[in-house]
Every structure is written in C-alpha cells, then in structure tokens.
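A.B. asks: heads up, no residue letters with this:
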C-alpha cells in the first residue's frame, strides 16, 4: 500500500483470506471474508493500547497507528464523550495524555485530584478575552481555591462579622448559604445563620422548616458523620434558590442552573467533597458535632429575639479568593432579611391557597399576609359567598386543623379572618374596616388555646403552644341590607382626565 497511512483509504474495499477447513494445523481450504470496519478496529486498538500501556499523548498514538492524526483525534474525542477515556496530566505536564477512565479511577484512588485537560481548556476559553500578566495568573484569578487554609491558619475571628443587637450571643454570619447532602443523596442549599465561637468553630442554626434540621436528626439517629460547607458570596441565582423551598428530590443547585440557563460551576471541597460554587468569595468546610448542641440568640425577622440550639461545627478548611469580599445581611426586621423570608414562604402560600380553594368552593379570593409588621406568623384573609351565618365559624375551626403535610395550618397561622366577597382580602385596610364594622356579635370572635406553634412564635408557652384567633367579619344574614358597603356606580370606568 506504499505509506502505511494510506491504509485507511482503501481498507474498506479490501478482503482477507481465512481458513475454512484444516487438518490439525495445516489448512485444507480457504474462503474470502471482509475485513472488520476500520473505525471499530481503531477504537478497539486505542482502548487496547491505553489499557495495556497506560497514558498516551495524541502524538504517541499517532506514531503507532496507521491512521491520520485527525481521524485518531476524532475517535479519541468520541471515546471521551462516551466516558471510556479521559484526558489529563499523569506522567508529565507538557501535553495532555489520554487514559482509560477505569485506570484514572484506580490511580487516583477514586478522588478527583487529577488536573482535567478539558477543564483546563474550558477555563482558558472563559478567560481568553481578558488580559493577564501570565498564564498562571489567568488560571488562578477569581477562583475560590486561590487560598486554602487549614489548621492553625484558620481564624474565623478575623472575619468582619457584626454583632447586630445588644442581646445577641455574638457575631453571626447571616449571608452564608449551607451546602450538605440530604439522606436521599440530593444536595441541599439553604440560608443558615452561623454564630462564630472561636478561631475554628461555629454554630450552624437550622429552623424547624428547614431540610438541615431534618438532616441533623437523621444523622444523629443513624450515628452518621455529617459535613456542611458554608459559602459566602454565592452566585445570585443560587441565593434565590437557597431562599426558596424546593421539592425534596430537586437540588437548589439545579434550580439555580435553571434560573441562569446554565449549570452553576462548582469544585469539590477538598475535605468534604461537597460541591462549592467556584466563583464564590469564600467557603468553610465543617464537621458537625451533633452531640454538642449549644444555645445561641439573635434578633429575628419578627423584631423579636430568637433563641436556638445548634451543633458545634469545626472548620476543617477555609477556601477564599485572594481579594475575597465579605457579605452580611442585616438581621432582625430589615428589608433584605425579610425579602429572603418572602421567597421562603412564597411556595407555602401558593400551596395553601390552592388547597383552600379545592376544599371550599364558596371561596372567591384568598390572601396570605406574611408581613413582619404584624409579627412572624401568617395572617389569612379569605373572602367568601356566604350562605348561612354558621359557615365562617365552621371554616375557621376546620382551617386551623388543616393538614399541610408536615404541620397543621395553626402551626404557622396566627389569625384567620373571613370576609364577604365585597371586601378585598389583599387590602388589609379593607379587611380591618370589615372587622370593625361587621362584627356585632361576640360569638363571631373565636379564640383557640394550646395550638402547637412554630419556634419563631416567641410568645409561646413553655410547652410550645400558643393562642390562635379567628374572626368572622362577614355581614349577619339578618342585617345584610343595613351593612352594605357604599359603592360609586361604574367607578372603574371613570377617568378624572375627562373632567380636568
């Protein structure tokens, strides 16, 4: 064939002679047979070479195989996509080497501590439109692994974490999101406030609604080690996802990727293996001591102090950029703190509205008021088309007992107000007007003692219960004509510009 590299051009047309019958080792007759598909033969040969001889560069493979370099490279890329081979730096760092995935797993002990060539290419591509003094600076710039501190180099007390209120236990991290693996294997990301204890220890708090509280309980019950990575300066989409409530089988990392339109780039924590956003400002990998629960207090979103018990967590590594920025959220009843709370309860509110409408066809409108101006618990205003006077009271009693999955409505709702359909439940001024103009009988005011309540209800009794209020702010049927709301005819069609 002349140059053996021409083989690939004519091999499809070639046939070979194969033994059809023999006596011992002596052939008796021959038959003609087609050669194997050359591309499949090349795939098999590449896998065989890498498996028997170890990592090879493209140049080394091209010298040994009777195919053009471009064709070998194309098949290597195909094998890489199929997760059969990978490319990295194993024997040297001048040129990427191809290796079987199974061999990479064996030689690295299953750890992702090999510099992946493709990751290096992608990193260079992302940074290719910015000027840097040298290649090393380009690779390191802006990555949370620029500095990795361990042991005595860790000092949390140097962080500019504020002590917000006079009775707070100490300085809190309030803008950090916690990343951990749930018992079902999914990665959870949520806002969890942290009290700095000393140079290498902090408390990670978890509310009763949080997945972290459930994970604490599961790891404690099953005597399993638990690790949490706390991250400051995470991507905005991840902050939004972390403040929201996702289904148990969906990770907030995936939600954030959906918001961005592309996956959040992460690195594996050197100690925990947990996914840490690569472009965050700093991260703290911790081991959780569930046998050491410590009381701590912080001014909460309902303008009350909140005392919690949280596990002591030892920071094993601290990752940060060289020019890392520190972030904090004003605690207490501050707008930025409460905005995160609104994201948290949005899904709960929508689910509640849907369930109430399904249970009560006479409901015309619902508003869930979760405004810290009126405390940390929700207030429900519900407009109905009333058929008889006993209907609102019966609804109030049933609603407080309504099962919301892992709690009854009374656990989170402090007050339920039923109004007529001529009142706008979204307008609390309108609701208050109805309350004090249509509640003539004392029987229309309902009080309920001893409902188990959310821990943010600081007025709760020592047994964890507190009172609930129900108000029937509808017109009594016998006096409905006397309590008609004044309405301007065709008000919605009046435009003052027509008269000015």
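C.D. replies: Everything's here; your move. It should be emphasised that the depicted structure is a prediction, and the values quoted were computed from it without experimental measurement. Numbers count the residues shown, from 1 in each chain.

A.B. asks: For the rest of this, base every contact and every neighbour count on C-alpha atoms.
C.D. replies: Noted.

A.B. asks: just for the stretch 201-350 of the chain, where's the confidence low?
C.D. replies: Residues of the stretch 201-350 of the chain that meet the criterion pLDDT under 70 lie in 301-303, 305, 332-347.

A.B. asks: And the next helix or strand past the helix or strand residue 259 falls within?
C.D. replies: Assigned by DSSP states H and E, residue 259 belongs to helix 252-260. Later in the chain than helix 252-260, the nearest helix or strand by DSSP H and E is strand 266-268.

A.B. asks: What is that next one packed up against?
C.D. replies: strand 275-277 (3 or more C-alpha pairs under 8 Å, 6 or more residues apart in numbering; DSSP states H and E).

A.B. asks: Check which element follows the strand it packs on along the chain.
C.D. replies: Going down the chain from strand 275-277, the next helix or strand is strand 282-299, by DSSP H and E.

A.B. asks: Return the set of buried residues in that following strand.
C.D. replies: Neighbour counts over strand 282-299 (16 or more other C-alpha atoms under 10 Å) mark 282-290, 296-299 as buried.

A.B. asks: Quick check: nearest residue in space to residue 51, chain neighbours excluded?
C.D. replies: Once flanking residues are discounted, residue 51 sits nearest to residue 100: 6.5 Å by C-alpha to C-alpha, 6 or more residues apart in numbering.

A.B. asks: Can you mark which positions in the helix or strand that residue 367 is a member of are buried?
C.D. replies: Under the criterion of DSSP H and E, residue 367 resides in strand 363-369. For strand 363-369, the neighbour count (16+ other C-alpha under 10 Å) marks 363-369 as buried.

A.B. asks: With respect to residue 198, which of those residues is nearest?
C.D. replies: residue 369 (39.6 Å; C-alpha to C-alpha).

A.B. asks: In contact with the closest one: list those residues for me.
C.D. replies: 378-381, 426 (C-alpha atoms under 8 Å, 6 or more residues apart in numbering).

A.B. asks: Please apply the same query to residue 178.
C.D. replies: Counting by C-alpha under 8 Å, 6+ apart, residue 178 touches 188-192, 228-231.

A.B. asks: Using a markdown table, please lay out the residues you listed together with distance to residue 489 and neighbour count.
C.D. replies: As requested, the contacts of residue 178 are exported to a markdown table (distance: C-alpha to C-alpha, whole Å; neighbours: other C-alpha atoms under 10 Å):
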| residue | distance to residue 489 | neighbour count |
| --- | --- | --- |
| 188 | 54 | 23 |
| 189 | 53 | 29 |
| 190 | 51 | 25 |
| 191 | 50 | 27 |
| 192 | 52 | 22 |
| 228 | 61 | 24 |
| 229 | 61 | 26 |
| 230 | 59 | 28 |
| 231 | 57 | 24 |
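
A.B. asks: Looking at those, which is nearest residue 208?
C.D. replies: For the contacts of residue 178, the residue nearest residue 208 by C-alpha to C-alpha is residue 192; the value is 11.7 Å.

A.B. asks: What does that closest one show for phi and psi?
C.D. replies: The phi/psi pair for residue 192 (degrees, to the nearest 10) reads phi -140, psi 120.

A.B. asks: Surely it touches residue 179?
C.D. replies: No. Here residue 192 lies out of contact with residue 179, judged by C-alpha atoms under 8 Å, at a distance of 9.6 Å.

A.B. asks: Touching the helix holding residue 259 from outside, list them.
C.D. replies: 187-189, 237-238, 240-242, 246, 263-264.

A.B. asks: looking at those, which has the most residues close by?
C.D. replies: When neighbours are taken as other C-alpha atoms under 10 Å, the top entry among those is residue 189 (29 neighbours).

A.B. asks: Which strand or helix spans residue 213?
C.D. replies: Per DSSP H and E, residue 213 falls inside helix 211-221.

A.B. asks: roughly how far apart are residue 454 and residue 402?
C.D. replies: 15 Å (C-alpha to C-alpha, to the nearest Å).

A.B. asks: Please say which of these two ends up with more neighbours.
C.D. replies: The residue with more neighbours, out of residue 454 and residue 402, is residue 454; 21 against 16, by other C-alpha under 10 Å.

A.B. asks: Tell me who's in contact with the more buried one.
C.D. replies: Each residue near residue 454 by C-alpha under 8 Å, 6+ apart is listed here: 208, 411-412.

A.B. asks: what do you get for residue 61?
C.D. replies: Contacts for residue 61 (C-alpha under 8 Å, 6+ apart) come out as 46, 72.

A.B. asks: A helix includes it, no?
C.D. replies: Yes. Counting by DSSP: H, G, I helix; E, B strand; the rest coil, residue 61 is part of a helix.

A.B. asks: follow-up on the earlier one: select from the contacts of residue 454 the one having the most neighbours.
C.D. replies: Neighbour-wise, the contacts of residue 454 (other C-alpha under 10 Å) top out at residue 411, 22 neighbours.

A.B. asks: Name the nearest residue to it, sequence neighbours excluded.
C.D. replies: residue 453 (4.3 Å).

A.B. asks: where's that neighbour relative to residue 294, distance?
C.D. replies: According to C-alpha to C-alpha, residue 453 stands 22 Å off from residue 294.

A.B. asks: for residue 368, same thing?
C.D. replies: From residue 368 over to residue 294 the distance is 34 Å, taken as C-alpha to C-alpha.

A.B. asks: Is it correct that residue 201 is in contact with residue 312?
C.D. replies: Yes. The pair formed by residue 201 and residue 312 meets the contact definition of C-alpha under 8 Å, at 6.7 Å.

A.B. asks: where does this structure have low pLDDT?
C.D. replies: Along the chain, segments meeting pLDDT under 70 span 1-28, 30-37, 81-83, 93, 102-142, 301-303, 305, 332-347, 372, 406.

A.B. asks: please redo it, this time with the cut-off set to 50
C.D. replies: For the chain, the stretches flagged by pLDDT under 50 are 1-15, 110, 112-118, 120-122, 124-129, 138-141.

A.B. asks: Go ahead and flag the most central residue of it.
C.D. replies: residue 252 (2.0 Å; C-alpha atoms, centre = their mean).

A.B. asks: what bridges to the closest residue to residue 282 other than its chain neighbours?
C.D. replies: Among residues not flanking residue 282 along the chain, residue 320 sits closest, at 4.0 Å (C-alpha to C-alpha, 6+ apart). Under DSSP bridges, the beta-bridge partners of residue 320 are residue 147, residue 282.

A.B. asks: in this structure, which spans are helices?
C.D. replies: Ranges of helices within the chain are 7-10, 38-53, 58-64, 69-81, 101-107, 117-126, 135-140, 211-221, 236-243, 252-260, 335-359, 391-400, 428-438, based on DSSP state H.
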